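[1] Dropping the sequence and predicted coords here.
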Amino acid sequence: MKLLFQKTALVLALALLFQVGTASLGYPPPVRLAMEYGRCRDKVVFLGDSTVDSASRDDADTRSTAAFLEDALSEQVVDLSHPAYHLGVFRSFVGYFGSGWGPRALIIPINVRSFSPEWDLRPEYQFGDVSLMLELGRLFSPLYRPITAYREYFSPASQCPPWTEARVFDGRLPAGRVLDYENIQGTRLSREDLRRKVLYLYRCELRPEHQKLQALRELCTLARESRLPVLFYVTPVDHGSIESIYGGSTAIIDRNVALVIGVVTGNGLPVLDLSHALPPDSFNWKVNGYPNEHLKEQGRKYVAAALSGELRRLTGRR
């Protein structure tokens with residue numbers, strides 16, 4: 001019996017060592033970089049979504065906004081961006097860095113489109129695995145797989161309706177459900193489909209109880225309590241194209257931006273509003289068929305220069 005116990009203990013110990021030693025191989029790159037010892041400490045860290053990394057096929061320089069910021073600051077910038085990351089995920093990164101792995105500064109974009117039902121509710125954009133890894137931290141994140149397997153096995157089946165049944169609003173007026181808009185795809189949309197796409201992505205008027213606004217409040221609280229230097233910026237919006245497709249959209253977007261900025265400044269944190277900073281020819285959305293915040297080279301360089309100037313002003317570095 002004693003020998004059996006010893007063998008069992010040995011097998012379990014080896015399994016645990018294997019799990020700990022290989023777990024990080026399966027981490028998303030931003031999580032792996034964030035947890036790499038010393039990688040982010042005392043450096044500028046750029047959290048972000050696809051607006052940071054996307055490029056046009058016509059760009060002479062296809063590097064990311066983070067890379068252009070590195071040039072502007074003449075110091076290393078750690079790029080932790082990933083397509084579709086949002087304020088809920090950024091909150092988890094701030095919580096992780098606040099536990100003692102603090103960068104010199106954190107750059108965090110606020111993309112107004114991320115509040116839309118298309119992005120906010122889409123199941124594959126929730127990134128619960130990323131948040132859990134970061135909450136577990138470097139010490140316990142190797143146990144992520146066993147923990148999630150246990151949780152999935154014992155958790156009751158969700159009773160929530162599918163996200164495609166969620167309501168869509170035009171301003172504050174009901175305008176159907178997600179399912180009515182998800183089939184609008186293609187690079188050559190009709191005028192009516194473009195109008196419906198803009199409605200879906202930009203015309204939902206934010207309410208204070210929106211889950212992304214709540215995530216922003218929690219993020220600000222974490223940053224303030226842990227004394228992490230954070231610079232938010234509202235990503236540029238192609239108002240010229242959006243307004244020409246569906247008049248009156250700029251007014252809704254501006255109200256949403258004002259609400260978001262109010263949350264940040266109400267917590268005593270800085271935010272740079274770049275929502276009106278760029279003209280339509282700086283955007284690279286035509287390859288997708290409908291407006292978004294992906295930028296051409298000149299747009300990414302502009303954002304990097306604006307962030308560099310604001311960061312230098314806030315930190316007193318030249």
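    The structure has been received and is ready for your questions.
[2] Run through who's touching the helix or strand hosting D71.
    D71 belongs to helix 65-73 when assigned by DSSP states H and E. The contact list for helix 65-73, computed with CB atoms under 8 Å, 6 or more residues apart in numbering, reads 44, 46, 48, 51-53, 76-79, 81, 107, 295, 300-301, 303-305, 307-308, 311-312. C-beta coordinates here come from the backbone N, C-alpha and C atoms, glycine included.
[3] In helices only, show me those residues.
    In helices, defined here by DSSP state H, the members of the contacts of helix 65-73 are T51, V52, D53, R300, K301, V303, A304, A305, L307, S308, L311, R312.
[4] Let me know the closest of those to N111.
    Closest approach to N111 among these (CB to CB): T51, at 6.3 Å.
[5] Would you agree that closest one is in contact with G299?
    No. Taking contacts as CB atoms under 8 Å, T51 lies outside contact range of G299: 9.2 Å.
[6] Is L269 in a helix, a strand, or coil?
    coil (DSSP: H, G, I helix; E, B strand; the rest coil).
[7] how about the strands of the protein, start to end?
    Under the criterion DSSP state E, the chain contains strands at 44-48, 77-81, 105-110, 167-170, 173-177, 230-234, 271-273.
[8] The helix holding D71: how far from the chain's middle?
    Distance of helix 65-73 from the chain centroid (CA atoms, centre = their mean, to the nearest Å) equals 19 Å.
[9] buried residues in that helix?
    Of all the residues in helix 65-73, those buried under the rule 16 or more other CB atoms under 10 Å are T65, A66, A67, F68, L69, E70, A72, L73.
[10] angle of it against strand 105-110?
    With axes from the mean of the first three to the mean of the last three CA atoms, to 10 degrees defining the directions, helix 65-73 sits at 140 degrees from strand 105-110.
[11] Helices along the stretch 151-300 of the chain, start to end?
    Per DSSP state H, counting those that start in this stretch, the stretch 151-300 of the chain carries helices over the ranges 191-202, 211-226, 239-245, 249-266, 297-315.
[12] Any chance of these in TSV with distance to F127, mean pLDDT and mean neighbour count as columns?
    Listed next are those as TSV, based on distance: least, CB to CB, whole Å; pLDDT from 0 to 100; neighbours: other CB atoms under 10 Å:
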stretch	distance to F127	mean pLDDT	mean neighbour count
helix 191-202	20	97	19
helix 211-226	12	96	18
helix 239-245	27	97	18
helix 249-266	20	98	18
helix 297-315	23	95	19
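[13] As TSV, those helices with distance to G95 would be great.
    Formatted as TSV, the helices of the stretch 151-300 of the chain follow (distance: least, CB to CB, whole Å):
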stretch	distance to G95
helix 191-202	29
helix 211-226	5
helix 239-245	34
helix 249-266	17
helix 297-315	22
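[14] ok, A277 - contacts?
    Residues in contact with A277 (CB under 8 Å, 6+ apart) are P236, Y302, V303, A306.
[15] How about L106?
    By CB under 8 Å, 6+ apart, the contact set of L106 is V45, L47, F93, V94, F97, A223, L228, P229, V230, L231.
[16] That one bridge partners, please.
    Per DSSP bridges, the residues bridged to L106 are V45, V230.
[17] if I look at it, how far off is D120?
    Distance of L106 to D120, given as CB to CB, to the nearest Å: 22 Å.
[18] tell me the pLDDT at R317?
    We have a pLDDT of 64 for R317.
[19] let me redo that: G186
    On pLDDT, G186 comes in at 88.
[20] Can you get me a residue count around the closest residue to S226 other than its chain neighbours?
    In space, and not counting its chain neighbours, S226 is closest to G98: 3.0 Å by CB to CB, 6 or more residues apart in numbering. When neighbours are defined as other CB atoms under 10 Å, G98 has 17 of them.
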